[in-house]
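Enquirer: Would you be able to build a 3D model of this:
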Amino acid sequence: MKRTGTFAAIDVGTTKVCTIVGDMMHDGEMRILGVGVTPSAGMSRGMVENIHRATEAIKSSVEKAERASGTRILSAYVGIAGAHINAMNNRGVVAIPNRTRPISEDDVARAIDAARTIAIPTSRQLLHVVPRFYIVDGHDNVSDPLGMYGQRLDVETHIVTGALAPIQNLEKCVERAGVQVDELVVQPLASAEAVLEEASDAFQRVRARPAALAPCRPSRWRGPRRHSAPAAGSSRSGSRPRRRSSRPAPSSAAPGCRPSRGRPAR
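Expert: Coordinates of the predicted model:
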């Protein structure tokens, strides 16, 4: 069930700290009540490097959002990023005991919980388990298995983890600013949910196969030259051959004049 009511979110970045207060209506529409933006401090590459300065920047952003919205922020969703964020793929498998009933939400939740049980180091914390696609009795690329019949349900998930120390430092800064952390959200995932439509076929293919777009990324580097050897008659190695002029060379030169090398005579 989607959450309704007033909620807040804090985006702690390297250049700025943004706090937003919104009101989620019953029909799914969101109304923005207030925004507070302040320059960031004490952050480097998405991680806390000075707890005191980072706390003051978060506190200033929260106070601006409270004045703009006219509400008191007690808890908020907090965005997190940085080089310590890591991701991996894992599959969860469950059996459907009753063949006469369709797949329910409980079956999907059990499959996701099965994918969640993965061995990670004690120095890391699990942040997200994002379902990529489902498999029902060997039929893969199922986007929504609810209502389907089958005996086995697999889910291919994308598991996102973060280093425990940077997570604890960020949570400490937010709590010292007077706000409790409802949940940590990886900022690239939050941006994707905000700007992409989940019903889009292209978005579904990207979520199912994130590596499919890797060969299609534009690149300015066109690779090494095919001919790296020096051209005939060139004095420098690796130099490009001189382009020949398209003008035809004169058959004979006038007396007392030097022959032209392809340049127009003045």
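Enquirer: Do a quick rundown of the strands in the stretch 101-250 of the chain.
Expert: Chain-ordered strands for the stretch 101-250 of the chain, with DSSP state E, counting those that start in this stretch as the definition, fall at 124-136, 139-142, 152-163, 180-186.
Enquirer: hey, which of the ones you listed is tucked in deepest?
Expert: Each of the strands of the stretch 101-250 of the chain was scored by mean neighbour count; the highest is strand 152-163, a mean of 20, by mean count of other CB atoms under 10 Å. Backbone N, C-alpha and C define where each C-beta goes, glycine included.
Enquirer: ok, that strand: who's next to it in the sheet?
Expert: The strands beside strand 152-163 in its sheet (DSSP bridges) come out as strand 86-95 (antiparallel), strand 124-136 (antiparallel).
Enquirer: Quick check: closest non-adjacent residue to the most centrally placed residue in the chain.
Expert: For the chain, residue 188 is the residue whose C-alpha lies nearest the centre (CA atoms, centre = their mean; 3.2 Å). Nearest in space to residue 188, with sequence neighbours left out and distances taken as CB to CB, 6 or more residues apart in numbering, is residue 81 at 7.2 Å.
Enquirer: List the contacts of the spatially closest residue to residue 105 that is not a sequence neighbour.
Expert: Residue nearest to residue 105 in three dimensions, not counting chain neighbours: residue 146, with 6.7 Å by CB to CB, 6+ apart. By CB atoms under 8 Å, 6 or more residues apart in numbering, residue 146 lies in contact with 102, 103, 104, 105, 108.
Enquirer: before we move on, back to that, figure out which of the strands of the stretch 101-250 of the chain is closest to residue 76.
Expert: For the strands of the stretch 101-250 of the chain, distance to residue 76 was read as CB to CB. The smallest value, 6.2 Å, belongs to strand 180-186.
Enquirer: what's in contact with the closest one?
Expert: Contacts to strand 180-186, defined as CB under 8 Å, 6+ apart, come from residues 7, 9, 74-81, 85, 127-128, 160, 162, 167, 170-171, 174-175.
Enquirer: out of those residues, which are buried?
Expert: Burial by neighbour count, judged by 16 or more other CB atoms under 10 Å, picks out 7, 9, 76-81, 85, 127-128, 160, 162, 167, 170-171, 174 from the contacts of strand 180-186.
Enquirer: Okay, now the unreliable bits of the stretch 51-200 of the chain?
Expert: Applying pLDDT under 70 to the stretch 51-200 of the chain picks out residues 197-200.
Enquirer: run the last query once more with 80
Expert: Applying pLDDT under 80 to the stretch 51-200 of the chain picks out residues 194, 196-200.
Enquirer: ok so, going back, quick check: the residue nearest to residue 188 touching residue 43?
Expert: No: counting by CB atoms under 8 Å, residue 81 does not reach residue 43; the two are 10.1 Å apart.
Enquirer: Mutual contacts of the two, please.
Expert: With contacts taken as CB under 8 Å, 6+ apart, residue 81 and residue 43 have residue 13 as neighbours in common.
Enquirer: Any figure for the gap between the residue nearest to residue 157 when sequence neighbours are not counted and residue 48?
Expert: The shortest distance from residue 157 to any non-neighbouring residue, by CB to CB, 6+ apart, is to residue 115 (4.3 Å). Counting by CB to CB, to the nearest Å, the gap from residue 115 to residue 48 is 30 Å.
Enquirer: How many residues are close by residue 54?
Expert: Residues near residue 54, counting by other CB atoms under 10 Å, number 26.
Enquirer: What segments of this structure are helices?
Expert: 51-69, 105-116, 164-176, 187-195, 201-208 (DSSP state H).
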